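>>> test case, fold it:
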Amino acid sequence: MSRNYWSCGLMLIALASFSKLAMSQFSVQQLHVSSNNTNVQLITELKLIFTEPLQQAVDHGITLQIVTEFGLPTEYWYGREIVLLKEIRYFLSRNALSGRYVVYQQDRNETRTFPTQTAALRHISIPPIVLIPAIDLDDAENIAIRAFVDTYKLPSPLRLQAFFSRRWSLNTDWTLWPIQL
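The predicted structure is shown next:
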């Protein structure tokens, strides 16, 4: 009888951990593509929800790097390769004295503060308008986009844990969006 309780307890723990994994996610919600003669504009909306370990890491002074990449998919006989066109890198941290969340955007050399982690992630989830020279896209049918937490930039003690735990490595994988100009 106690064996059944033990197995039921393990199943409940597994279900609880899977439900927390399902609650945390990165995904591409929308990509709007428009063009003029020289540039293609990309307006993106992402969905960024942190797992508990990532929330706690930021709250305890770890700076996380969140990267949004835009690329051009190219098909070869051996598979698809993504040629990187643009990268937007954010640094998210928490100020120990004020308790506010600090977002530094590397390509603009811009720093902003937010009262909550949710507000900071909302800011990161809508990257600035990305301009790509139209000549770079030529006759491309799709554009690829992804967002991820750069686990390679974590402090050494956390990096090993991040490599082996899905709760640390959040990314959208490459999402293809059709270019309709």
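>>> how many other residues sit next to the closest residue to Gln55 other than its chain neighbours?
Sequence neighbours aside, Gln117 is the residue nearest to Gln55 in space, at 6.5 Å (criterion: C-beta to C-beta, 6 or more residues apart in numbering). (C-beta placed from N, C-alpha, C; glycine too.) Neighbour count of Gln117, defined by other C-beta atoms under 10 Å: 16.
>>> doesn't Arg122 fall inside a helix?
Yes - under DSSP: H, G, I helix; E, B strand; the rest coil, Arg122 sits within a helix.
>>> measure it to Arg112 for me?
11 Å (C-beta to C-beta, to the nearest Å).
>>> who does the residue lying closest to Asn39 once chain neighbours are set aside form a beta bridge with?
In this structure, Asn39 finds its nearest non-sequential neighbour in Leu131, 4.6 Å apart by C-beta to C-beta, 6+ apart. With DSSP bridges as the criterion, Leu131 is bridged to Gln41.
>>> related to what we said a few turns ago, Thr63 versus the residue nearest to Gln55, what's the distance?
Distance from Gln117 to Thr63, counting by C-beta to C-beta: 13 Å.
>>> OK, contacts around the residue nearest to Gln55?
Listed by C-beta atoms under 8 Å, 6 or more residues apart in numbering, the contact set of Gln117 reads 50, 55, 58-59, 94, 101.
>>> which of these sits closest to Asn36?
Tyr101 (35.7 Å; C-beta to C-beta).
>>> state the three-state secondary structure for Ala119.
Under three-state DSSP, Ala119 comes out as helix.
>>> leaving out chain neighbours, which residue sits closest to it?
Distances taken as C-beta to C-beta, 6+ apart place Tyr101 nearest to Ala119, at 7.2 Å, with adjacent residues excluded.
>>> neighbours around that neighbour, how many?
The number of residues packed near Tyr101 is 22, by other C-beta under 10 Å.
>>> OK, contacts around it?
58, 92-95, 113-117, 119-120 are the contacts of Tyr101 under C-beta under 8 Å, 6+ apart.
>>> what values do phi and psi take at it?
Main-chain dihedrals, Tyr101, degrees, to the nearest 10: phi -90, psi 130.
>>> got the residue ranges for the helices in the chain?
Here the chain has its helices, by DSSP state H, at 2-23, 52-59, 117-125, 134-137, 156-164.
>>> show me what Val102 is bridged to.
Val102 has these beta-bridge partners by DSSP bridges: Ser93, Thr113.
>>> show the contacting residues for it.
By C-beta under 8 Å, 6+ apart, the contact set of Val102 is 91-95, 111-114, 120.
>>> before we move on, what about Asn142?
When contacts are counted by C-beta under 8 Å, 6+ apart, Asn142 touches 73, 176-179.
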